[in-house]
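Trainee: need coordinates for the following:
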Amino acid sequence: MKTEHAPEAELILHGGPILTMDDPSMVEAVAVGQGRILAAGSLASALSFRTPATRVVDLCGKTLLPGFVDAHSHFIDTSIRTAWVDLRSTPLGSVKSIEDMVELLSLRAEGTRPGKWIVGWGYDDTNIAELRHPTRLDLDRASSSHPIVLQHISGWVTASNSLALARAGLDSSVEDTETTVFRRMEDGSLSGVIEASICPVLSKVAPPGDEEVIQSLACGSAMYLAKGCTTAQEGWIADPVWITQARKALEQGYLRVRLVLYPLAQGTSLDNYRKLFPVAPSGTSLDKDMRLILGASKLSADGSIQAYTGYLLQPYHICPQGKEAYRGYPSNDPAYLASRIENLHRMGVQIAVHCNGDAAIDMALDALEKAQAAYPRRDARHIIIHSQMARDDQIERMARLGIVPSFFAAHIYYWGDRHYHIFMGPERARRMSPAGSALRCGIPFTLHNDTYVTPIAPLGLVWAAVNRTSSGGLDLGRMEQGIPVLEALKAVTIHAARQGFEEERKGSIAKGKMADLVALDKNPCDVDPMEIRDIRVTATLVAGKVEYGSL
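Mentor: So this is what the prediction gives:
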């Protein structure tokens, strides 16, 4: 029984492997009280906190880990998309052609009043019969009385019908800018396909109201908790109203995961950025219970490789039609990016730069190194989000600069075949998301799903980083870039917490840390590595409270 004045345990867990992601790597039992871990060690040490009211649970062989920490996704955006038309193709969905899209959009139009926007997402031009983007003429067949806009699976390209273009005030006279490309038909008219990080058509869609967003965050919470995620991330907040809505959802009990918020630091002046968003170190809590947490300031250096908007040093393996030696392009002017990075670095905030291609990574690293040289900071811990085509020299440079690479490991499975055959070619595809190189350099890297782009699935990330197998069965550098299971688990727990300066409060099972935990039906370190993604989450706890499943 507990000694006088000692904290009281509300819950004690034992009877299964408990992987701490700390030292020691395994313990016999965990005691939890007031949302914190009171003890992690022997069963006797945990039982010393027991009272008559303590619930003592035998895990019956289930495996306990720290709750998974999402290193990069779009939690609010994903939650809102539950109301959009899902146009994803295999292995994410069932759309096989533009005709399938038109049919789904027509069905939505039948139940939508004329004039109201119809928004779809997730189409993939490289994974449908026509091998092209839908044009305004295709989408006009779905409806000419509803403005329709579709977002590509990458998030970096949209397709619109004629009415949507008109609503946005766009016609053939519009000109490309440094950050926006308007694709055209043979006669010079707009095709409806636009390459941009912030689409001028999508931005015309009226945002959902507070109540709709708050309700959607309940759906998002359920989605993440079911996969063992206790901390989610919204990696692109362009409008501070999302922070207000997240706070309301938390207060009303709809937001049940911890949420890290990455304010978008481009497209507006620095003065306006300071007015719109909190300016403070990453890991700063925006509420009393550390449920809403400020993350890094977000910038982008390029787009997406599967949309041909990733910026590469060498040309794409198969270039888009009519674009010989095509390398993609930066999503921000290099001088602008460098200036913005320098100013944000001087402000003392953490910076996360979206970079898929190696030329984009060079741009970001050049700017970050220059800023650090001019204004030295101890442990700025800036992040290269995606780091998809990082070369070994870039990984070594990140190690020297103290930069965290966060790898979009899900790409290996979902787009590995097309990277191999279309976008990157065999050699580069075999080293995409090079976690093995980062491990050899001693960098505490992270792994992410970039949800909504791929479904939230931390164990799927572990599976992908260990096995490096595409959906078509290709081995994409398992020997060179595959990593041990325990290292992959650290990349979605303690290293993911460290990425946001939260390693002292979460990410491992240790005394004093948050009691954010996940129970699994099998031990990932003991099963055949190819079975890791089939492991079931049986319970997810946030602050010691079961938010999903049961113990």
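
Trainee: residue 517 bridge partners, please.
Mentor: residue 66, residue 541 (DSSP bridges).

Trainee: and for it, the neighbour number?
Mentor: 26 (other C-beta atoms under 10 Å). All C-beta atoms are positioned from the backbone trio N, CA, C, and that covers glycine.

Trainee: how close does residue 112 sit to residue 156?
Mentor: 26 Å (C-beta to C-beta, to the nearest Å).

Trainee: again, but for residue 523
Mentor: Distance, residue 523 to residue 156, by C-beta to C-beta: 39 Å.

Trainee: higher neighbour count, these two?
Mentor: Per other C-beta under 10 Å, whichever of residue 523 and residue 156 has more neighbours is residue 156, with 25 against 18.

Trainee: name the nearest residue to that one, sequence neighbours excluded.
Mentor: Once flanking residues are discounted, residue 156 sits nearest to residue 303: 3.8 Å by C-beta to C-beta, 6 or more residues apart in numbering.

Trainee: okay, the one you found: pLDDT?
Mentor: With respect to pLDDT, residue 303 scores 95.

Trainee: now do residue 178
Mentor: On the pLDDT scale, residue 178 gets 82.

Trainee: if I look at it, how far off is residue 195?
Mentor: 12 Å.

Trainee: so for these two, which sits in the more crowded spot?
Mentor: residue 195 (24 against 11).

Trainee: quick check: which element contains residue 182?
Mentor: Using DSSP states H and E, the element containing residue 182 is strand 180-184.

Trainee: direction included, what does that strand pair against?
Mentor: Strand pairing (DSSP bridges) places strand 180-184 next to strand 190-196 (antiparallel).

Trainee: which is the next helix or strand following the partner strand?
Mentor: helix 210-225.

Trainee: next up, the contacts around the residue nearest to the spatial centre of the chain.
Mentor: Geometric centre of the chain, nearest residue: residue 73, 2.1 Å, by C-alpha atoms, centre = their mean. Taking C-beta atoms under 8 Å, 6 or more residues apart in numbering, we find residue 73 in contact with 232-235, 448-452, 456.

Trainee: domains for this protein, by residue range?
Mentor: Using the TED database, the domain parsing of the chain gives 84-204, 297-447+456-483.

Trainee: need the winner for burial among those.
Mentor: Among these, ranked by average contacts under mean count of other C-beta atoms under 10 Å, first place goes to domain 297-447+456-483 (a mean of 21).

Trainee: which stretches in the stretch 451-551 of the chain count as strands?
Mentor: Assigned by DSSP state E, counting those that start in this stretch, the stretch 451-551 of the chain shows strands spanning 517-520, 537-542, 545-549.

Trainee: list the contacts of the last one.
Mentor: The contact list for strand 545-549 (C-beta under 8 Å, 6+ apart) reads 35, 221-222, 225-226, 256-257, 519, 537-541.

Trainee: what angle sits between that strand and helix 210-225?
Mentor: Here strand 545-549 points in a direction 80 degrees away from that of helix 210-225 (axes from the mean of the first three to the mean of the last three C-alpha atoms, to 10 degrees).

Trainee: would you mark the buried spots in strand 545-549?
Mentor: Neighbour counts using 16 or more other C-beta atoms under 10 Å place 547-549 of strand 545-549 among the buried residues.

Trainee: can I get the residues you listed in a markdown table including distance to residue 530 and pLDDT?
Mentor: Formatted as a markdown table, the buried residues of strand 545-549 follow (distance: C-beta to C-beta, whole Å; pLDDT from 0 to 100):
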| residue | distance to residue 530 | pLDDT |
| --- | --- | --- |
| 547 | 29 | 99 |
| 548 | 25 | 99 |
| 549 | 24 | 99 |
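
Trainee: could these go into a markdown table alongside distance to residue 47?
Mentor: Shown next, in a markdown table, are these (distance: C-beta to C-beta, whole Å):
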| residue | distance to residue 47 |
| --- | --- |
| 547 | 25 |
| 548 | 26 |
| 549 | 24 |
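
Trainee: quick one on the thing from earlier: of all the domains of the chain, which one is nearest residue 20?
Mentor: Closest to residue 20 of the domains of the chain is domain 297-447+456-483 (C-beta to C-beta; 16.1 Å).

Trainee: the strands in the stretch 51-200 of the chain, which residues?
Mentor: Using DSSP E, counting those that start in this stretch, strands in the stretch 51-200 of the chain cover 55-58, 63-66, 68-69, 85-86, 118-123, 148-152, 157-160, 180-184, 190-196.

Trainee: gap between residue 422 and residue 269?
Mentor: Distance check for residue 422 against residue 269: by C-beta to C-beta, it reads 40 Å.

Trainee: ok so, going back, which among the contacts of strand 545-549 end up buried?
Mentor: 35, 221, 225, 256-257, 519, 537-541.

Trainee: just to revisit the earlier point, in strands only, show me the contacts of residue 73.
Mentor: Counting by DSSP state E, the part of the contacts of residue 73 found in strands is 232-235.

Trainee: which one of those residues is nearest residue 54?
Mentor: Checking those one by one against residue 54 (C-beta to C-beta), the nearest turns out to be residue 232, at 29.8 Å.

Trainee: quick one, grab the pLDDT at the closest one.
Mentor: At residue 232, pLDDT is 99.

Trainee: what bridges to it?
Mentor: Beta-bridge partners for residue 232, by DSSP bridges, are residue 259.

Trainee: contacts only, for the closest residue to residue 408 other than its chain neighbours.
Mentor: Computed as C-beta to C-beta, 6+ apart, the closest residue to residue 408 that is not its neighbour in sequence is residue 386, at 4.6 Å. By C-beta under 8 Å, 6+ apart, the contact list for residue 386 reads 72, 354-356, 406-408, 450.

Trainee: any idea which of the contacts of residue 73 has the most stuff around it?
Mentor: residue 233 leads the contacts of residue 73 on contacts (other C-beta under 10 Å) with 31 neighbours.

Trainee: I'd guessed that residue sits against residue 246; true?
Mentor: No - using C-beta atoms under 8 Å, residue 233 makes no contact with residue 246, being 11.7 Å away.

Trainee: what is in contact with the two at once?
Mentor: What both residue 233 and residue 246 touch, as defined by C-beta under 8 Å, 6+ apart, is the set 259, 261.

Trainee: what's the pLDDT at the residue nearest to the centre of the chain?
Mentor: Looking at residue 73, the pLDDT reads 98.

Trainee: that's a helix at residue 344, yeah?
Mentor: Yes - assessed with DSSP: H, G, I helix; E, B strand; the rest coil, residue 344 lies in a helix.

Trainee: test my guess that it contacts residue 263.
Mentor: No - contact criterion C-beta under 8 Å: residue 344 and residue 263 do not qualify, at 10.5 Å.

Trainee: any idea how far residue 66 is from residue 536?
Mentor: 18 Å.

Trainee: and these two? Which one has more around it.
Mentor: residue 66 (32 against 13).

Trainee: isn't that one up against residue 508?
Mentor: Yes - counting by C-beta under 8 Å, residue 66 does reach residue 508; the two are 5.3 Å apart.

Trainee: who touches both of these two?
Mentor: 20-21, 493-494.

Trainee: pull out the buried residues from these.
Mentor: 20-21, 493-494.

Trainee: just to revisit the earlier point, for the shared contacts of residue 66 and residue 508, give me TSV that also has pLDDT.
Mentor: Putting the shared contacts of residue 66 and residue 508 into TSV (pLDDT from 0 to 100) gives the following:
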residue	pLDDT
20	99
21	98
493	99
494	99
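
Trainee: ok, those vs residue 205, which is closest?
Mentor: Closest to residue 205, out of all of the shared contacts of residue 66 and residue 508 and judged by C-beta to C-beta, is residue 493, at 36.7 Å.
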